[in-house]
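K.L.:
Dropping a prediction and its sequence here:
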2 protein chains.
Amino acid sequence: MDLVDRKYRILQAIIDDYILTALPVGSRTISRKYEQKLSSATIRNEMSDLEELGYLDSPHTSAGRVPSYKAYRLYVDQMLRPMPLSVEETAFIQSCFDRRAHQVEDLSARIAKALSSMTHYAAAVVTRTPREEQRLSHLQLVPVSDRRALLILVTQSGAVRQHTLDLDASIAPEELYTVSRILSARLEGCSLSDLPAALSSMRATTAGGQSVLQAMIEQQPREDAEAALVVGGRSNLLNFPEYSDVDKARALLSVLETREKILSLLKQDGEMEFSVRIGPETGLEETRDCSIVTASFRLSDGRVNTIGLIGPTRMQYGRALSALEEVGRSLRELLDGQDG
Amino acid sequence: MDLVDRKYRILQAIIDDYILTALPVGSRTISRKYEQKLSSATIRNEMSDLEELGYLDSPHTSAGRVPSYKAYRLYVDQMLRPMPLSVEETAFIQSCFDRRAHQVEDLSARIAKALSSMTHYAAAVVTRTPREEQRLSHLQLVPVSDRRALLILVTQSGAVRQHTLDLDASIAPEELYTVSRILSARLEGCSLSDLPAALSSMRATTAGGQSVLQAMIEQQPREDAEAALVVGGRSNLLNFPEYSDVDKARALLSVLETREKILSLLKQDGEMEFSVRIGPETGLEETRDCSIVTASFRLSDGRVNTIGLIGPTRMQYGRALSALEEVGRSLRELLDGQDG
DNA sequence: GTTAGCACTCTAAGGTGTCGAGTGCTAACC
DNA sequence: GGTTAGCACTCGACACCTTAGAGTGCTAAC
């Protein structure tokens, strides 16, 4: 249908323009900039229809119109045109994977910084490794006090996890080392998710040893606590006119300072690599006028990197997705190339 | 001198009032609220003097007056009255040291959160352990690829450090384990600062072993990279009228997202436990209208915790210092009580 | 179906007037 | 001589009005 096609084009033009300017879009603007064959009056009729269909909102009588959440959804699902990065932008992203910078700063922090400074949104990087993907290479118990020990787990991919154990019985340092050695030898190659089961089937000969076993089974840290989180570019968000209202800005920034909230925002539902969540879809009241574009990359060492860009619903979705894609590409290159 | 004393009192009243209200203070306000025996005209004369002496600025002719940086300095050095916390506040701080919360979130993060939510300033916590304070308990090399290894250092106090080593020569996993065991036995009890010297005096029998020694000597991470940093309550700052200007807010928040800048802000000069830096004294252009109150606590395990509160120069210095003191007290209690 | 024209609405921006808070100065007071 | 009352003056905040501009919806003509 030709008419439907035209409505689409007009809606797309409105969204494009609004994303660019943040100003309500009027019929005249569309007629001049996007659909020169049609008069503003015609556009007005179409816009009126689109408003009735729920794609547009008007802030008040004589302002232009603003895309609704439903419009953004349609835009992302059907109207998104690929937005390849420029050569400079690609190079900029790749430069943060340069191995020479490796020592100074964490890779995740560099990714967050690069993405946020390129897109002007806030960027968050979460690194999780599912326990079943982590095989134990070595284990070590370090005495802290007579009823506390530090448990250090080193996985075969080189990740280190540590947490303290509170013990029921006291245990001498020498004995702790012995237990440590035995456990290390017996559990090598065991995945962290199988650890409790493996431990349950073991019996210790001393009270101290038994209390270590017990503590290791019972005192596992929460999975969430194991996720590494880095956020960058929060202050970028203050550039957007939607946050020139200090209260709104504070509400959003406060979310972006709360670890649990950020983790919940970046939670991926299915197995999708990319996801775009718009406004209410973000799941938090405070972010109902934000959008979040996330990408999850499963790396060869089992690690899952979830990278999110957070900005106003009026987001340059195409650019954001392209930037994430490029980061994913570089990430895989770096990590799959490194251990051959 | 009585006159001088009166000038002091008036200046103090002005600063107190300005800290409370953020509004330029007029002579009438002082006469009514603080010095009821004196008329506003007298106060005006004194204020005029104080302005000439550089303690006050007037934003424009008919506004009240505002304390200058010099005034705050005097205020902090000589006029500060102790500001004990309320029972609730003390309890609130202590509650974040509760061991039950221990697993969910890092202690530093909890301190930062508690301090910032109590004072409404931004709080930063830096944890450093001087290398000379850290004695090696155990060392482990984990193969990553044939020319890369992960070095894990566990200190006697239970801290874990890790970084990757790039090796000149390739080395087989079995050999790496052997080297690892030998080094671990030989270096036990050695302080991390003595490590390079100790390593230099050693000789390996294989090329692989030698390259490990070499890499361990040469590829030490920077001290700054070893500092743990947590920041909380950034969004609090948006509540202050001095940051209702979005540009100012952005500039400050951007500083508070840059690790190196925060570390430089919290750098303590001498051996002082507490320090107050006002405006230009903070050392950064971006924070010339901020103040930073820091406290450094040296814990029994050698760790140094530096805790900073960042807010407008119009800061409640007394309260900030009391809060830091209380945190220090709780901190020492927790850590010195824990390993007896 | 498309368009021109028109009346209407609403915001943003600029201008004006008033109020209140504050200052500096002077002259009088104790 | 320090203190105070009084007065003229300044400046920002606020309310109010006006105007210009952009946008809409409706109607009638093409």
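P.N.:
Cool, the structure landed. Numbers count the residues shown, from 1 in each chain, chains lettered A, B, ... in the order given.
K.L.:
Let me know the distance separating residue A:151 from residue B:211.
P.N.:
With distances taken as CB to CB, to the nearest Å, residue A:151 is found 31 Å from residue B:211. All C-beta atoms are positioned from the backbone trio N, CA, C, and that covers glycine.
K.L.:
the helices in the stretch 151-300 of chain A, which residues?
P.N.:
With DSSP state H, counting those that start in this stretch as the criterion, the stretch 151-300 of chain A has helices at A:173-187, A:195-200, A:207-218, A:223-226, A:246-255, A:259-265.
K.L.:
ok, residues contacting the longest one?
P.N.:
Okay, so that is helix A:173-187. Identification of contacts with helix A:173-187 by CB atoms under 8 Å, 6 or more residues apart in numbering or on different chains yields A:136, A:138-143, A:149, A:171, A:195, A:198-199, A:202, A:204, A:206, A:208-209, A:212.
K.L.:
got it, and the second one?
P.N.:
Here helix A:195-200 makes contact (CB under 8 Å, 6+ apart) with A:131, A:136, A:186-187, A:190, A:213, A:216-217, A:220.
K.L.:
Now flag whichever of these is closest to DNA strand D.
P.N.:
residue A:131 (55.0 Å; CB to the nearest atom of the strand).
K.L.:
Just list the residues touching the closest one, thanks.
P.N.:
Taking CB under 8 Å, 6+ apart, one finds A:191-193, A:195, A:223 in contact with residue A:131.
K.L.:
mind checking pLDDT for it?
P.N.:
Turning to residue A:131, the model gives it a pLDDT of 92.
K.L.:
wait, isn't residue A:312 in contact with residue A:244?
P.N.:
No: using CB atoms under 8 Å, residue A:312 is not in contact with residue A:244, being 11.5 Å away.
K.L.:
of those two, who's got more company?
P.N.:
residue A:312 (18 against 11; other CB atoms under 10 Å in any protein chain shown).
K.L.:
Just grab the bridge partners of that one for me.
P.N.:
Beta-bridge partners for residue A:312, by DSSP bridges, are residue A:290.
K.L.:
Measure how buried the closest residue to DNA strand C within chain A is and give me the count.
P.N.:
DNA strand C sits closest to residue A:62 of chain A, with a gap of 2.7 Å, by CB to the nearest atom of the strand. Look at residue A:62: counted by other CB under 10 Å, it has 8 neighbours.
K.L.:
ok, residue A:90 - contacts?
P.N.:
residue A:326.
K.L.:
Look up phi and psi at it.
P.N.:
Per-residue torsions, residue A:90: phi -60, psi -40 (degrees, to the nearest 10).
K.L.:
Show the model's pLDDT score for it.
P.N.:
94.
K.L.:
ditto for residue A:95
P.N.:
On the pLDDT scale, residue A:95 gets 87.
K.L.:
And it, how far from residue A:322?
P.N.:
With CB to CB as the criterion, residue A:95 and residue A:322 are 17 Å apart.
K.L.:
higher neighbour count, these two?
P.N.:
Neighbours of residue A:95 and residue A:322, each counted by other CB under 10 Å, are more numerous for residue A:322; the result is 19 against 12.
K.L.:
Against which helices or strands is the helix ranked longest in chain A packed?
P.N.:
Ordering each helix of chain A by length in residues (DSSP state H) puts helix A:317-338 first. The contact analysis (3 or more CB pairs under 8 Å, 6 or more residues apart in numbering or on different chains; DSSP states H and E) places helix A:317-338 against helix A:87-95, helix A:107-119, strand A:274-278, strand A:290-298, strand A:304-312.
K.L.:
Low-confidence regions, the stretch 1-150 of chain A specifically.
P.N.:
A:1-3, A:99-104 (pLDDT under 70).
K.L.:
next one: the stretch 151-300 of chain A
P.N.:
A:269-271.
K.L.:
Kindly report the residues of the stretch 51-200 of chain A close to chain B.
P.N.:
Residues of the stretch 51-200 of chain A lying near chain B by CB under 8 Å from any CB of the partner chain: A:102-105, A:109, A:137-138, A:140, A:142, A:144-145, A:148, A:150, A:152, A:154, A:156-158, A:160, A:162-164.
K.L.:
Select only the buried ones of those in ChimeraX?
P.N.:
Only the buried entries of these go into this ChimeraX selection, using 16 or more other CB atoms under 10 Å in any protein chain shown:
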select /A:109,137,138,140,142,144,148,150,152,154,156,157,158,160,162,163,164
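K.L.:
could you dump stretch A:142-155 to PDB, C-alpha only?
P.N.:
Output in PDB follows, covering the C-alpha atoms of stretch A:142-155 (Å, rounded to 0.1, in the frame of the first residue of the first chain):
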ATOM      1  CA  VAL A 142      45.300 -18.700  53.600                       C
ATOM      2  CA  PRO A 143      44.900 -18.300  57.400                       C
ATOM      3  CA  VAL A 144      43.500 -15.000  58.500                       C
ATOM      4  CA  SER A 145      42.700 -15.700  62.100                       C
ATOM      5  CA  ASP A 146      42.000 -19.000  63.900                       C
ATOM      6  CA  ARG A 147      38.400 -19.200  62.700                       C
ATOM      7  CA  ARG A 148      38.700 -17.400  59.400                       C
ATOM      8  CA  ALA A 149      40.500 -18.400  56.200                       C
ATOM      9  CA  LEU A 150      40.800 -16.800  52.900                       C
ATOM     10  CA  LEU A 151      39.800 -19.100  50.000                       C
ATOM     11  CA  ILE A 152      41.500 -18.400  46.700                       C
ATOM     12  CA  LEU A 153      40.400 -20.200  43.600                       C
ATOM     13  CA  VAL A 154      42.400 -20.000  40.400                       C
ATOM     14  CA  THR A 155      40.700 -21.200  37.300                       C
END
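K.L.:
Contacts made by it with the rest, please.
P.N.:
Taking CB under 8 Å, 6+ apart as the rule, stretch A:142-155 contacts A:129, A:134-141, A:160-171, A:173, A:176, A:192, A:212, A:215-216, B:137-138, B:140, B:142, B:152, B:154, B:156-158, B:160, B:338-340.
K.L.:
please redo it, this time with the cut-off set to 7 Å
P.N.:
Residues outside stretch A:142-155 that contact it (CB atoms under 7 Å, 6 or more residues apart in numbering or on different chains): A:134-141, A:160-167, A:170, A:173, A:176, A:212, A:216, B:137, B:140, B:142, B:152, B:154, B:158, B:160, B:338-340.
K.L.:
Pretty sure residue A:116 sits against residue A:234.
P.N.:
No: using CB atoms under 7 Å, residue A:116 is not in contact with residue A:234; the gap is 8.1 Å.
K.L.:
Name the residues contacting each of those two.
P.N.:
residue A:122.
K.L.:
Doesn't residue A:138 lie inside a strand?
P.N.:
Yes: assessed with DSSP: H, G, I helix; E, B strand; the rest coil, residue A:138 lies in a strand.
K.L.:
which residues sit in contact with it?
P.N.:
A:154, A:184, B:140.
K.L.:
Next, count neighbours for the closest residue to residue A:311 other than its chain neighbours.
P.N.:
Sequence neighbours aside, residue A:121 is the residue nearest to residue A:311 in space, at 3.7 Å (criterion: CB to CB, 6 or more residues apart in numbering or on different chains). As a burial measure, residue A:121 scores 29 neighbours (other CB under 10 Å).
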